[in-house]
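# For reference, the sequence and a predicted model appear below.
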Amino acid sequence: MSGERGERSDRSDRGQRPSRPTRAERNPRPPRSNQSDVDYVQPARRVAYEVIAAVRADDAYANLLLPTKIQRAALNTADAALATELTYGTLRMQGYYDRVIAIAANRAVTAIDPAILDVLRLGAHQLLATRIATHAAVNESVSLAKQVGSRSATGFTNGVMRAISRVSADEWREQVVAEATSPDDKLAALYSHPVWVVRAFRQSLLAEGRQDELEELLAADNEAAKVNMVALPGLTEPGLRASLGELDAFSPTGFVLGGGDPFHLMKEHDGTIRVQDEGSQLAALTLTRARPVKKDERWLDLCAGPGGKAALLAAEALAGGAFLVANEVVPARAALVRNALAPVPLDVPVWETDGTTIAERHADTFDRILLDAPCTGLGALRRRPEARWRKQPKDVAELSGLQSNLIDAALSALAPGGILAYVTCSPHIAETRGIVTTALKKWGDSVKQLDTASVVQSLSETELDLAGDPTVVQLWPHRHGTDAMFITLIERTK
Ligand SMILES: C[S@@+](CC[C@H](N)C(=O)[O-])C[C@H]1O[C@@H](n2cnc3c(N)ncnc32)[C@H](O)[C@@H]1O
């Protein structure tokens, strides 16, 4: 598609470091009353396009870049919601839309100019998953193509968009399924996940005897996550959660925000309420409430950045009379931990050491350790729309080496009788049960797994539907409405 690789408009954004406004932002086109004006791109669509392009070209994170773009473009509430839906919807369903585009364009998507492919992905989303009028979706996609591609790209975009619009969403699903190369490829296509992720999820569900839930799980990843918040226990009024939203089904500290800007609320309450997934709250509380806290216990959050769980641990340590240390190897993330801890009136040192070396100076020291391990994040795909396309099987292999070293270090740093909570926001077997099995083998009768399911059930507001071996708890978006957090408690016996 050489003719489409022409001059691009100013795409100076660099994703994670949004700094200079783009030319379009500096000189926004005023809305025109003439709908047939093919140059006009509605600001919400432009913002969505710019984020999608920055995610592809600059490895930007949509959840960080989008709010900045929305603010710069001064979008009103309705347009901000539209830009968010278009961005997240397009990025999540990118794998599916690429299959549709390949059929409609009669060429592999790898043969399409990436900037034009972004235009087509955004256009396909509008045609197949929104109520946006066909003419608006087609015309504005062509306008965008004109601005980011060459003259011939305009005709190409027009042709592909019209081809997509001629067939209903249901018929497209049939065509895409007909081209799938295997049953797993069919699931990957329909639910827009990479095949290796589909297989990894099946393995995780299989470990619980719940493999029949696979399609439900894949579908749940494509739903927008609710805004879940934590109210730090002991630092907020008991009735606050109910006054701000709906109480969480399981977490005794959480609620689903009823409306309004969560960050504004967070400021208003001096950081004692903050955005936090319900599963993350359960993970932190599983450690702090596994058994009654004795005064002066020593706690460690080994991989604390950006500090969401550290803040909850600190509130619980304050209530129980324990000491807490937080550790985070990346200095910028350690700064975020300090910010997260600021609302809790407890002196929490924040160390910046490599967690794998923690036992060199602090062996046999801590009564409770949270190891919320660096992981692929495959359990949080609802909230990180592009993550599924960015992660690769090799990431699992790399991370599992680090996870094994961290769990060993954490077990060495536990005092005899102390408890480790090993947690990941990934359900991948290699990052969860695999890591734990290896550590248990290595440590023999010096450690034992605890009945983690009983601990989680005992602190939960209502009973959770948990399956399989009770020494591990796997939460799921489709079953619990949480991220797919994995939690297990291990006690050091000697
Ligand atoms: C899953 S995140 C922790 C999330 C955190 N518990 C929270 O709730 O906000 C894992 C963290 O581990 C950090 N990390 C990675 N390797 C590490 C190491 N060797 N030692 C300590 N921290 C590490 C990462 O920078 C990342 O901030």
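Ah, there it is.
# so what does the longest strand belonging to the chain touch, helix or strand wise?
The longest strand of the chain (DSSP state E) is strand 414-424. In this structure, strand 414-424 makes packing contacts with helix 278-288, strand 366-372, helix 393-413, helix 433-443, strand 486-492, judged by 3 or more C-beta pairs under 8 Å, 6 or more residues apart in numbering; DSSP states H and E. C-betas here are computed from N, CA, C, even on glycine.
# Summarise which helices and strands the last one is packed against.
Secondary-structure packing of strand 486-492 (3+ C-beta pairs under 8 Å, 6+ apart): helix 278-288, strand 414-424, helix 433-443, strand 447-449, helix 452-459, strand 472-474.
# Say whether the ligand is contacted by that strand.
No. In terms of C-beta under 6 Å from any ligand atom, no part of strand 486-492 sits within range of the ligand; the closest distance is 11.5 Å.
# Identify the neighbouring strands of that strand in the sheet and state each direction.
In its sheet, strand 486-492 lies beside strand 414-424 (antiparallel), strand 447-449 (antiparallel), strand 472-474 (antiparallel), with partners assigned from DSSP bridges.
# so how far is that strand from its chain's centroid?
For strand 486-492, the gap between its own C-alpha mean and the chain's C-alpha mean amounts to 23 Å (C-alpha atoms, centre = their mean, to the nearest Å).
# Residues contacting it, please?
Residues from elsewhere that reach strand 486-492 (C-beta atoms under 8 Å, 6 or more residues apart in numbering): 282-283, 286-287, 290, 379, 411, 414-427, 431-432, 436, 439-440, 446-450, 452, 455-456, 471-475.
# Quick check on those residues: which are buried?
Taking 16 or more other C-beta atoms under 10 Å as the criterion, what is buried in the contacts of strand 486-492 is 282-283, 286-287, 290, 379, 411, 414-415, 418-427, 431-432, 436, 439-440, 447, 449-450, 452, 455-456, 471-475.
# returning to that earlier point: in TSV, list the helices and strands packed on strand 486-492 along with mean pLDDT and distance to residue 347.
Listed next are those as TSV, based on pLDDT from 0 to 100; distance: least, C-beta to C-beta, whole Å:
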stretch	mean pLDDT	distance to residue 347
helix 278-288	98	18
strand 414-424	98	21
helix 433-443	98	32
strand 447-449	97	30
helix 452-459	98	26
strand 472-474	98	32
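# what's the closest of the ones you listed to the ligand?
Checking the helices and strands packed on strand 486-492 against the ligand by C-beta to the nearest ligand atom gives helix 278-288 as the closest, at 5.7 Å.
# so what does that closest one touch, helix or strand wise?
Using 3+ C-beta pairs under 8 Å, 6+ apart as the test, helix 278-288 ends up in contact with helix 308-320, strand 366-372, strand 414-424, helix 452-459, strand 486-492.
# Identify the residues contacting the next helix or strand after the second one?
Spelled out, it's strand 366-372. Next helix or strand after strand 366-372 toward the C-terminus (DSSP states H and E): helix 387-390. Defining contact as C-beta under 8 Å, 6+ apart, one finds that helix 387-390 is touched by 59, 91-92, 94-95, 192-194, 197, 221, 377-378, 380-381.
# Quick check: end-to-end length of stretch 177-194?
Across stretch 177-194, the straight-line distance between its terminal residues is 15 Å, by C-alpha to C-alpha, to the nearest Å.
# buried ones in it?
Residues of stretch 177-194 classed as buried by neighbour count (16+ other C-beta under 10 Å): 180, 184, 186-193.
# can you map out the strands along the protein?
Assigned strands in the chain, in chain order: 228-231, 245-247, 254-257, 273-275, 298-301, 323-327, 350-351, 366-372, 414-424, 447-449, 472-474, 486-492 (criterion: DSSP E).
# Let me see the mean pLDDT of the fifth one.
Okay, so that is strand 298-301. In this model, strand 298-301 carries a mean pLDDT of 98.
# Tell me the helices and strands packed up against that strand.
Strand 298-301 sits against helix 308-320, strand 323-327, strand 366-372, with contacts defined as 3+ C-beta pairs under 8 Å, 6+ apart.
# From the chain's centroid, how far away is the longest one?
Relative to its chain's centre, helix 308-320 lies at 23 Å (C-alpha atoms, centre = their mean).
# same for it, what does it pack against?
strand 228-231, helix 278-288, strand 298-301, strand 323-327, helix 331-341, strand 366-372.
# Equivalent analysis for the shortest one, please.
With contacts defined as 3+ C-beta pairs under 8 Å, 6+ apart, strand 323-327 has these neighbours: strand 298-301, helix 308-320, strand 350-351.
# Now for this protein, the helix or strand with the poorest mean pLDDT.
Of the helices and strands making up the chain, the lowest-confidence element is helix 23-26, at a mean of 38, by mean pLDDT, DSSP states H and E.
# quick revisit: columns distance to residue 339 on top of the helices and strands packed on strand 414-424, output as TSV?
Putting these into TSV (distance: least, C-beta to C-beta, whole Å) gives the following:
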stretch	distance to residue 339
helix 278-288	17
strand 366-372	17
helix 393-413	24
helix 433-443	30
strand 486-492	25
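# Can you tell me which of the ones you listed is nearest to residue 52?
Between residue 52 and those, the tightest spacing by C-beta to C-beta is seen for helix 393-413, at 22.2 Å.
# which parts of that closest one are buried?
Judged by neighbour count using 16+ other C-beta under 10 Å, the buried positions of helix 393-413 are 395-396, 399-400, 402-404, 406-413.
# May I ask you to confirm that residue 356 is in contact with residue 410?
No. When contacts are counted by C-beta atoms under 8 Å, residue 356 is not listed as touching residue 410 (9.4 Å).
# Report the separation between residue 324 and residue 314.
Taking C-beta to C-beta, to the nearest Å as the measure, residue 324 and residue 314 are separated by 5 Å.
# With distance to residue 169 as extra columns, can I get the helices and strands packed on strand 486-492 in a markdown table?
What follows is these, written out as a markdown table (distance: least, C-beta to C-beta, whole Å):
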| stretch | distance to residue 169 |
| --- | --- |
| helix 278-288 | 32 |
| strand 414-424 | 35 |
| helix 433-443 | 38 |
| strand 447-449 | 47 |
| helix 452-459 | 40 |
| strand 472-474 | 33 |
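# Could I get the ones you listed in TSV, plus columns for distance to the ligand?
Converted to TSV, the helices and strands packed on strand 486-492 look like this (distance: least, C-beta to the nearest ligand atom, whole Å):
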stretch	distance to the ligand
helix 278-288	6
strand 414-424	7
helix 433-443	14
strand 447-449	21
helix 452-459	17
strand 472-474	16
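# Not counting its neighbours along the chain, what's nearest residue 145?
Distances taken as C-beta to C-beta, 6 or more residues apart in numbering put residue 157 closest to residue 145, at 3.8 Å, once the chain neighbours are dropped.
# I'd guessed that neighbour sits against residue 123; true?
Yes. Between residue 157 and residue 123 there is a contact at 7.4 Å, judged by C-beta under 8 Å.
# any residues in contact with both of the two?
Once C-beta under 8 Å, 6+ apart is applied, the residues that residue 157 and residue 123 both contact turn out to be residue 141.
# Pipe the strands paired with strand 486-492 into TSV and attach distance to residue 274 per row.
Shown next, in TSV, are the strands paired with strand 486-492 (distance: least, C-beta to C-beta, whole Å):
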stretch	distance to residue 274
strand 414-424	18
strand 447-449	31
strand 472-474	23
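# Using the record's assignment, carve this protein into domains.
The chain breaks down into these structural domains: 2-170, 228-492 (assignment by automatic domain parsing).
# Ranked by average pLDDT, which of the ones you listed falls at the bottom?
Set side by side, these differ in mean pLDDT, and domain 2-170 is lowest with a mean of 82.
# Tally up the residues packed near whichever residue of the stretch 101-250 of the chain sits closest to the ligand, please.
For the stretch 101-250 of the chain, the residue positioned closest to the ligand under C-beta to the nearest ligand atom is residue 230, at a distance of 10.5 Å. For residue 230, the neighbour count with other C-beta atoms under 10 Å is 28.
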